[in-house]
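# Sharing a model that was predicted from the sequence below.
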Amino acid sequence: MKHITILIALLLSLPAFAAPKVLKGATNHPMPDALVLNDSTPVTTPAQWQQRRTEMLAPLLDIQYGHPPTEIPETRLVSASDPVSQNNGHTRYQQLKLSTGPKQEIPITVDLYLPAETKAPVPLIVRVGPGAPIIETINQRGYAIACYHHQDLDPDIEGGHDIGPAQAAYPENDWASLAVWAWGASRVLDYLHTLPHFDADRIVITGHSRTGKVALLAGVLDDRFELVVPNGSGCGGAAAYKVYNNGAETLELITHPKRFQYWLHDDFRRFAGKEPDLPFDQHFMRALIAPRAVLSTDALEDFWANILGTQAVYQAAQPVFDFHNLPQRNAMHFRPGKHDQLAEDMTVLLDYADWLFEDKAFPEGLNEPCMPGFELK
Ligand code: GTR
């Protein structure tokens, strides 16, 4: 009898294990309006928009990311490897060792993949972290890609609170790791712009997951990035704090001292469980990129990255791009599958960049919501 009871209990529990994950809204709190000034005046003029930009950036840095240094140190080339032909002759690869900081004490390694066939100046993709999918295709399509080793600036040790070379060089700054790594993207660009290879009007930044968060922040802080493509960036990236789907990483989870508190400002954790009190949400990040372009790329099974929150942030930022008469410069893409930056994501990036830079066709399948009919509060 006892065995039968156990068997029945097991059978009853089976469908629960086998049930596919269904995307559901878990919280939906209102987000502050990106087109209304703190004193409740609606933004209707370019001057008011500039004022609103300042208002939006301040709490993002004060509360969430910390402040990178404002002075810009020189970034120098320390050494470069001999160029090597790769990817069936489509790529000319070189590794660069750079240094930056007040005493040139911060190293940054950059893997540079130039298109072998295309004449300079070419569009450039800066990628946070080494490696990227379909480098051969990227180069065949005429784009260069520079992948920088962000951990040279600051280590990424879960539960660690290490002071890396960048934080040691600027002890007065309260910047956390995401901000350090984002600042590194700008220093890499400082150096790359001294070379004749790249078209300064066609610079993209991308990264995946934690480095997707970094790509978004770098794009907000440095307007030389004309196109900003956070992939699978989730919490602390392109996803909301006030709108979560079921199974999403929350502010409480990401800022746990044993996990990733060091990515974000020390104080940010005081908002854990109090997201409605936050004076911003991540639609401010998208809004701050306008009138440049932002494209988030995500996967439909990536519930942990809060894809519904990413859709909500896209929706909440759209009025800002409409205000600039550039509605298509706010874009999102969801592909089937799991958390990763795959060939498909990179292809969407290239197609969108071709539209933005070359006036080619607007890519199909963009801006399809992961949850149709979802409405902001
Ligand atoms: C997870 C973290 C996410 C994401 C991811 C990654 O553990 O919770 O926010 O950044 O790591 O970077 O792979």
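Now that the structure is in, tell me what you want to look at. This is a predicted model, so every value here is computed, not measured.

# Could I get the contacting residues of residue 129?
Contact criterion CB atoms under 8 Å, 6 or more residues apart in numbering gives 147, 148, 149, 150, 151, 207, 208, 211 as the residues in contact with residue 129. C-betas here are computed from N, CA, C, even on glycine.

# who wins for neighbours among the residues you listed?
With neighbours set by other CB atoms under 10 Å, the maximum within the contacts of residue 129 is found at residue 207, which has 33 neighbours.

# is the helix or strand harbouring that residue up against the ligand anywhere?
When elements are defined using DSSP states H and E, residue 207 is found to belong to strand 198-208. No - using CB under 6 Å from any ligand atom, strand 198-208 stays clear of the ligand, coming no nearer than 7.4 Å.

# Now do the strands in the stretch 51-200 of the chain.
Defined through DSSP state E, counting those that start in this stretch, the strands belonging to the stretch 51-200 of the chain, from first to last, are 76-80, 84-86, 91-100, 106-115, 122-128, 144-148, 198-208.

# JSON lines please, covering those and showing mean pLDDT.
Conversion of the strands of the stretch 51-200 of the chain to JSON lines gives the following (pLDDT from 0 to 100):
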{"stretch": "strand 76-80", "mean pLDDT": "98"}
{"stretch": "strand 84-86", "mean pLDDT": "98"}
{"stretch": "strand 91-100", "mean pLDDT": "98"}
{"stretch": "strand 106-115", "mean pLDDT": "98"}
{"stretch": "strand 122-128", "mean pLDDT": "99"}
{"stretch": "strand 144-148", "mean pLDDT": "98"}
{"stretch": "strand 198-208", "mean pLDDT": "98"}
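
# Pipe those strands into TSV and attach distance to residue 22 per row.
Conversion of the strands of the stretch 51-200 of the chain to TSV gives the following (distance: least, CB to CB, whole Å):
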stretch	distance to residue 22
strand 76-80	51
strand 84-86	43
strand 91-100	42
strand 106-115	40
strand 122-128	32
strand 144-148	36
strand 198-208	25
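
# how about these, which one is nearest residue 245?
Distances from residue 245 to each of the strands of the stretch 51-200 of the chain were compared using CB to CB; the shortest belongs to strand 198-208, at 19.5 Å.

# lowest average confidence, helix or strand, in the chain?
Within the chain, judged by mean pLDDT, DSSP states H and E, the helix or strand with the poorest mean is helix 2-18; its value is a mean of 55.

# Please compute how far the next helix or strand after that helix lies from its chain's middle.
Stepping forward along the backbone from helix 2-18, the first helix or strand reached (DSSP H and E) is strand 25-28. Averaging C-alpha positions (CA atoms, centre = their mean, to the nearest Å) puts strand 25-28 22 Å from its chain's average.

# likewise stretch 74-90?
For stretch 74-90, the separation from the chain centroid amounts to 26 Å (computed by CA atoms, centre = their mean).

# So, low pLDDT: which residues of this protein?
Under the criterion pLDDT under 70, the flagged ranges of the chain are 1-19.

# neighbours around the nearest residue to residue 255 once chain neighbours are set aside, how many?
Nearest in space to residue 255, with sequence neighbours left out and distances taken as CB to CB, 6 or more residues apart in numbering, is residue 269 at 4.1 Å. The number of residues packed around residue 269, counting by other CB under 10 Å, is 16.

# again, but for the one 4 residues further on
Counted with other CB under 10 Å, the burial measure for residue 273 works out to 11 neighbours.

# what's near enough to touch it?
Contact partners of residue 273, counting by CB under 8 Å, 6+ apart, are 251, 252.

# Shouldn't it be within a helix?
No - counting by DSSP: H, G, I helix; E, B strand; the rest coil, residue 273 is located in no helix; its state is coil.

# From residue 339, how far off is it?
Remark: distance between residue 273 and residue 339 (CB to CB, to the nearest Å) = 25 Å.

# gap between the two ends of stretch 327-339?
With CA to CA, to the nearest Å as the measure, the ends of stretch 327-339 fall 27 Å from one another.

# buried stuff in it?
Of the residues in stretch 327-339, those buried by neighbour count under the rule 16 or more other CB atoms under 10 Å are 329, 330, 331, 332, 333, 334, 335, 339.

# Could you check it against the ligand for contacts?
No - Stretch 327-339 stays clear of the ligand (CB under 6 Å from any ligand atom), getting no nearer than 7.3 Å.

# if we can go back for a sec, nearest to residue 371 among the buried residues of stretch 327-339?
For the buried residues of stretch 327-339, the residue nearest residue 371 by CB to CB is residue 334; the value is 9.8 Å.

# show me what contacts that closest one?
Residue 334 makes contacts with 298, 299, 300, 307, 368, 369, 370, as judged by CB under 8 Å, 6+ apart.

# Name the SS class of it, please.
Three-state assignment for residue 334 (three-state DSSP): strand.

# And for residue 368?
What three-state DSSP gives for residue 368 is coil.

# hmm, back to that, how far away is the residue nearest to residue 255 from the ligand?
Residue 269 is 15 Å from the ligand, where distance means CB to the nearest ligand atom, to the nearest Å.

# which of the contacts of residue 334 count as buried?
Buried positions within these, assessed by neighbour count (16+ other CB under 10 Å), are 298, 299, 300, 307, 370.

# Using JSON lines, lay out the residues you listed together with distance to the ligand and secondary structure.
Putting the buried ones among the contacts of residue 334 into JSON lines (distance: CB to the nearest ligand atom, whole Å; DSSP: H, G, I helix; E, B strand; the rest coil) gives the following:
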{"residue": "298", "distance to the ligand": "12", "secondary structure": "strand"}
{"residue": "299", "distance to the ligand": "13", "secondary structure": "strand"}
{"residue": "300", "distance to the ligand": "17", "secondary structure": "coil"}
{"residue": "307", "distance to the ligand": "13", "secondary structure": "helix"}
{"residue": "370", "distance to the ligand": "18", "secondary structure": "coil"}
